[in-house]
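Novice: Just to be clear, the model below is a prediction. Sequence and coordinates:
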Amino acid sequence: MESTTAAFRENAAKALGDAKLRDALSKLADGFPARRREAMARLPEFEALRDAARDIKDHVLANLDFYLEAFEARVVEAGGTVHWCRTAAEARTAILRICKLAGAKTVTKGKSMIGEEIAINEHLEEHGIEPVETDLGEYIIQLRHEPPSHIIAPAIHLSKEQVADTFREKHRHLSPGRSLDEPRALLDEARNELRQKFIGADVGLTGANMLIAETGSIVLVTNEGNADLTYSLPRVHIVIASLEKVVPTLEDATTILRVLARSATGQEMSVYTTFCTGPKREGDLDGPEAFHVVLLDNGRTEMLGGDFHEMLRCIRCGACLNHCPIYKAIGGHAYGWVYSGPMGAVLIPGLIGLEEAGHLPNASTLCGKCEDVCPVRIPLPRMLRTWRQRQFEKRLTSSVSRSGLKFWSHLARRPWLYRLVADIAVATLAVLGRSRGRFRRLPLAGGWTKLRDLPAPEEGGTFISRYHRAGHGDGA
Amino acid sequence: MSNARSDILGAVKAALQQAGGPQRADTTSVVSASKRLGDHRANLIPARGRLGVKARVDLFIREAEQASATVARVSGLSGLPREVARYLAKNNLPMTLKVAPGISEPAIPWTRETLLSVEEGRADGSESASVSRAFAGIAETGTLVMLSGPENPTTLNFLPPTHVVVVAASEIVGDYEETWNRLREKGQQGRFMPRAVNWITGPSRTADIEQTLLMGAHGPQRLHIVIVDEETPAP
Ligand code: SF4
């Protein structure tokens, strides 16, 4: 997908002014986080399971080559094929080739963030193959030609009225007089439309929540059951997954599943968790005749072993989005690419470059909530700070903020000078602000004072000088 | 593409070697990695499912109901047709069923005492209800474990709007790990995974429109679990 990440400031400003979006996002705030808390409270071992999940992912990453080769060997034994792809372009080519060999006209799709990452839909369309998203949220945004705004709730930014308008516009063959006022009616209409697509599809393309090295299985987690219809009805099943999705054993996958749904939606377990191993077996009455796994690098090996190594532990649960004050204010589209929220702000600069995505690491209050809720304990705030530092080193920050920071660090390293300057500044502010008690505008603080006033100091004196006056300490 | 394979594996190895420290992929950790694959040791298992038989089945029922499934108990397989007919009638559903070959006539006398009309095989989307057989139930979260195969086609789990699943009380275990072990014991020469293992926890749902929870998104709108307390041998 093309990114609009460089325009983050404009995107965010637009989002903040969008009343419908704010309405939709306000529902997120009390939904997922509250249910996650309830699920945690029901499971005393939750915190210990997070540690276990983190340790599994760390172990996998430290032995990634071994587990990838083991996974590949088991897939082949089960009658499947693995396609290694360095870049998004290679993955698109591999998928298109399989589709063409299968003579495919329609490809049904389960929700896949990697599919979004490599923009597979556009590529298939260009070559005369119709991709059909089957997750309800993904289906809606596909009709609207929009990217997902949340990794697990892709249409969270839309109201039911907007969905109804979209269906009226796109489902022209249905009676214009039908009622689409209720979510149920919208779901039923989408279900019927998609049933026909499922039955007629030649290829099913899904992502994978995990790949299991022990058995060559791929794991699919959904609540709708759409992924299951996607792989069990067409002749060919293609799985697209990035390298870091591999885990050692069924037991390891199980541990991660215990924290995944609870962190994502607060469910004890998602409705459908599926382990697919190879194509149809002898005697089977259903299932695909061919099973392909497209294994994608697309920047992962560059993150491996570096400052953002731990980001590769991410299991895409969305908890960091649901708890992020910035995400909850602006939604996912402002981030301008397929990922969003804190995980997106760390991941996107790594995948599309800091030059393009430099605003994202700054779109954070560093409140630390994301790390608190992350099931695999990824130190997201630390990574955001690392990106900011890199930005400074690469001279990607503005000259005002660079000289400001330089000036500040010069002061901060010289306490006597810092105090002197602070004393003068506070005294000046107190004198200037005496009449009104506050400032409407201040030089260099326009961003702050645009939205609120700065209270003037009541009586001259910095915290330190008042502290001394109050008789504490001896000027340590 | 073989080029891509060696490039990627090479890049992984180089990154890990360069990183050193705890992220180093040295020989010891490769040995422990292959041992890990062979041992498939369980990680932390929550205490929740560690219960006696009766309490375990009760927990399974509670959790399944919490996930919006309905549950009934019958004392033997011969009671199954009547229970399914009762359930369909109560919900005003057509008395037609597609049943998995593993539990079809004559093993189960579907039509002897009921008005059910029964076919066996896979689903194609035209059915109103299906019946299939679970490999296990997991008390921890009220989850059913379904295995694909000639006896139990996967499509029965997903296409019909009503899905009835039969599980024996003796097959209800505490946690997921137990079912992996049972599956490994059952399998031959390491090939123990069927094409599809489906964990099912309640009926299909979505909250994609304004976070309103609705049942029956793509999979079944109703999931009815029939627990058979005593596995009676086929008549
Ligand atoms: S970073 Fe953590 S919380 Fe965020 S999506 Fe990934 S696993 Fe979930």
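Specialist: Yep, that arrived. Note that this is a predicted model, so its numbers are computed, not measured.
Novice: Which parts of the chain belong to which domain?
Specialist: Let's take chain A. A:1-18+A:320-397, A:43-301, A:400-469 (automatic domain parsing).
Novice: meant chain B, my bad for not saying
Specialist: If you go by automatic domain parsing, chain B breaks into B:4-39, B:47-228.
Novice: what's the most buried one of those domains?
Specialist: domain B:47-228 (a mean of 20; mean count of other C-beta atoms under 10 Å in any protein chain shown). In this view, the C-beta of every residue, glycine as well, is placed from N, C-alpha and C.
Novice: Can you list the buried residues in stretch A:416-426?
Specialist: Buried residues in stretch A:416-426, counted by 16 or more other C-beta atoms under 10 Å in any protein chain shown: A:Tyr418, A:Ala422, A:Val426.
Novice: who does the one helix or strand B:Ala64 maps to touch, helix- and strand-wise?
Specialist: Per DSSP states H and E, B:Ala64 falls inside helix B:53-66. In terms of contacts (3 or more C-beta pairs under 8 Å, 6 or more residues apart in numbering or on different chains; DSSP states H and E), helix B:53-66 is packed against strand B:70-74, strand B:136-138, strand B:143-147, strand B:172-173, strand B:222-228.
Novice: is the lowest-mean-pLDDT helix or strand in chain B anywhere near chain A?
Specialist: Least confident helix or strand of chain B, by mean pLDDT, DSSP states H and E, is helix B:27-39 with a mean of 79. Yes. Contact of helix B:27-39 with chain A (C-beta under 8 Å from any C-beta of the partner chain) involves B:Ser29, B:Val30, B:Ala33, B:Ser34, B:Arg36, B:Leu37.
Novice: ok, A:Ala253 - contacts?
Specialist: A:Met210, A:Ile212, A:Val219, A:Val247, A:Phe275 (C-beta atoms under 8 Å, 6 or more residues apart in numbering or on different chains).
Novice: Make a markdown table from the domains of chain A and add mean pLDDT and distance to A:Glu310 to it.
Specialist: Listed next are the domains of chain A as a markdown table, based on pLDDT from 0 to 100; distance: least, C-beta to C-beta, whole Å:
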| stretch | mean pLDDT | distance to A:Glu310 |
| --- | --- | --- |
| domain A:1-18+A:320-397 | 88 | 5 |
| domain A:43-301 | 95 | 8 |
| domain A:400-469 | 69 | 27 |
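Novice: Indicate which one of those domains is closest to A:Leu312.
Specialist: domain A:43-301 (4.2 Å; C-beta to C-beta).
Novice: returning to what we had before: check which helices and strands the least confident helix or strand of chain B sits against.
Specialist: With contacts taken as 3+ C-beta pairs under 8 Å, 6+ apart, helix B:27-39 sits against helix A:46-62, helix A:64-77.
Novice: the inter-axis angle of the longest helix anywhere in chain B versus helix B:27-39?
Specialist: Counting by DSSP state H, the longest helix found in chain B is helix B:2-19. Inter-element angle recorded for helix B:2-19 and helix B:27-39: 120 degrees (by axes from the mean of the first three to the mean of the last three C-alpha atoms, to 10 degrees).
Novice: average pLDDT for helix B:2-19?
Specialist: Confidence for helix B:2-19, expressed as mean pLDDT, is 91.
Novice: how far does it sit from the chain's center?
Specialist: 37 Å (C-alpha atoms, centre = their mean, to the nearest Å).
Novice: how about that helix, does it get close to chain A?
Specialist: Yes. Contact between helix B:2-19 and chain A, assessed by C-beta under 8 Å from any C-beta, occurs at B:Ala4, B:Arg5, B:Asp7, B:Ile8, B:Leu9, B:Ala11, B:Val12, B:Lys13, B:Ala15, B:Leu16, B:Gln18, B:Ala19.
Novice: again, but for stretch B:135-151
Specialist: Yes. Residues of stretch B:135-151 contacting chain A under C-beta under 8 Å from any C-beta: B:Glu140, B:Thr141, B:Gly142, B:Thr143, B:Ser148, B:Gly149, B:Pro150.
Novice: what are the phi and psi angles of the residue nearest to the fourth one when sequence neighbours are not counted?
Specialist: By that I understand B:Thr143. Nearest non-adjacent residue to B:Thr143, counting by C-beta to C-beta, 6 or more residues apart in numbering or on different chains: B:Thr201, 4.5 Å away. Note on B:Thr201: backbone dihedrals following degrees, to the nearest 10 are phi -120, psi 90.
Novice: thought B:Thr201 was touching A:Met269?
Specialist: Yes. Between B:Thr201 and A:Met269 there is a contact at 4.5 Å, judged by C-beta atoms under 8 Å.
Novice: Overlap in contacts, those two.
Specialist: Common contact partners of B:Thr201 and A:Met269 (C-beta under 8 Å, 6+ apart): B:Ala67, B:Thr141, B:Thr143.
Novice: one step back: would JSON lines of the residues of helix B:2-19 next to chain A with distance to the ligand be doable?
Specialist: Converted to JSON lines, the residues of helix B:2-19 next to chain A look like this (distance: C-beta to the nearest ligand atom, whole Å):
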{"residue": "B:Ala4", "distance to the ligand": "26"}
{"residue": "B:Arg5", "distance to the ligand": "27"}
{"residue": "B:Asp7", "distance to the ligand": "27"}
{"residue": "B:Ile8", "distance to the ligand": "22"}
{"residue": "B:Leu9", "distance to the ligand": "25"}
{"residue": "B:Ala11", "distance to the ligand": "23"}
{"residue": "B:Val12", "distance to the ligand": "21"}
{"residue": "B:Lys13", "distance to the ligand": "26"}
{"residue": "B:Ala15", "distance to the ligand": "20"}
{"residue": "B:Leu16", "distance to the ligand": "22"}
{"residue": "B:Gln18", "distance to the ligand": "24"}
{"residue": "B:Ala19", "distance to the ligand": "20"}
